[in-house]
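[1] Pasted the sequence and its predicted model underneath.
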Amino acid sequence: MNSDNGLKKTIRDCDFVIELVDARCPLIYHYPSLTTYCKNFEKEFLVVVTKCELIPDYFKKKIAKKFNEEGINTMFVSSKVKEGILRLASFLKSKATDQQIKVLIFGLPNAGKSTLANALIRRHSAGTSPIPGHTKGIQYLKMSKKVMLWDTKGATQIKKKYSDIEQALFSKKHEKVYFLIQKLLEVNNGNLRTYGIDINECKKDADLFMDLFAKQKKFIFKNNIYDIKRVKEKIISDWNKGKLTGWWIDSYE
Ligand SMILES: Nc1nc2c(ncn2[C@@H]2O[C@H](COP(=O)(O)OP(=O)(O)OP(=O)(O)O)[C@@H](O)[C@H]2O)c(=O)[nH]1
Ligand SMILES: [Mg+2]
């Protein structure tokens, strides 16, 4: 489902659409055309904000307000600490009347779609990974007699253009991790301060941060050159799992 036509076809075939966004940078995960397609096909649509154990309450309010301004309803969950899962499951069940409903879980890579699907069905059925692009095609998972979940592949090529930070988050190659670090240094609200590097020492310089991180983790080649590839992989993996965090509302860096 990497094209709008593929997406439209899938929307037409399902009954309810969940767009899953990461609580830490929800607008980066939001794909506005999805809302339009759901309206056109008269499908009910809900933004589910996940990994929400990683953000403070004031930021949840900000997210809800931002989506509400566009007429979009939100629900907050954490598949990790099982927050809001029962509420979402009951909500989906309430949407099924006499017929089974098919619920599409749409989201950009690594949003946490498969983890959410597993939490909703209460068993580990869909494969999950901190490396984007894990799920291939669509996985059909039975949540209850009346609710069928469609766990989809992360929509890697759905947007026409990706900003540097989006490339850092969604690409399997970790070339642009610098931009994520730069953003985290700029917002300075997550756990970067306690992540192991002296923030004052790196002086808001993302390259210097990565060098210090390499040194601390001993990601160094024999000839004393930093192994920046390993640094990037570790940072993205920690970010995806939520070991590294920070939050912002805007969609561009
Ligand atoms: N902290 C935290 N991590 C989560 C949560 N949900 C998922 N994750 C982590 O996010 C990473 C991606 O999860 P997946 O469920 O594989 O994501 P996906 O959207 O299915 O990814 P693709 O299939 O590759 O598009 C994994 O490392 C999960 O453990 C959550 O609620 N909190
Ligand atoms: Mg998946």
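    Everything's here; your move. Ligands and ions are numbered 1, 2, ... in the order given.

[2] Just the element for the residue nearest to His30 when sequence neighbours are not counted, please.
    For His30, ignoring the flanking residues on the chain, the nearest one in space by CB to CB, 6 or more residues apart in numbering is Val21 at 5.6 Å. Bear in mind the C-beta positions are built from the backbone N, C-alpha and C, glycine included. Val21 belongs to strand 16-22 when assigned by DSSP states H and E.

[3] what about Ile181, distance to Gly246?
    Noted for Ile181: a distance of 10 Å to Gly246, by CB to CB, to the nearest Å.

[4] Of those two, give the one with the bigger neighbour count.
    A direct count of neighbours by other CB atoms under 10 Å for Ile181 and Gly246 places Ile181 higher, at 27 against 23.

[5] For that one, give me its contacts.
    By CB atoms under 8 Å, 6 or more residues apart in numbering, the contact set of Ile181 is 206, 209-210, 235.

[6] now, which of these lie within helices?
    Taking DSSP state H, the ones among the contacts of Ile181 that sit in helices are 206, 209-210, 235.

[7] Contacting ligand 1 as well, which ones from those?
    Among the ones in helices among the contacts of Ile181, no residue is within reach of ligand 1 (CB under 6 Å from any ligand atom).

[8] which of those residues tops the neighbour count?
    Counting by other CB under 10 Å, top hit in the ones in helices among the contacts of Ile181: Phe209 with 25 neighbours.

[9] That one and Gly196 touch, don't they?
    No. Using CB atoms under 8 Å, Phe209 makes no contact with Gly196, being 10.5 Å away.

[10] Look at the closest residue to Lys217 other than its chain neighbours and report its pLDDT.
    Once flanking residues are discounted, Lys217 sits nearest to Lys234: 6.7 Å by CB to CB, 6+ apart. You'll see Lys234 listed with a pLDDT of 95.

[11] residues contacting Lys234?
    Going by CB under 8 Å, 6+ apart, Lys234 touches 213, 217, 219.

[12] List buried residues within those.
    With burial judged by 16 or more other CB atoms under 10 Å, the buried subset of these is 213, 219.
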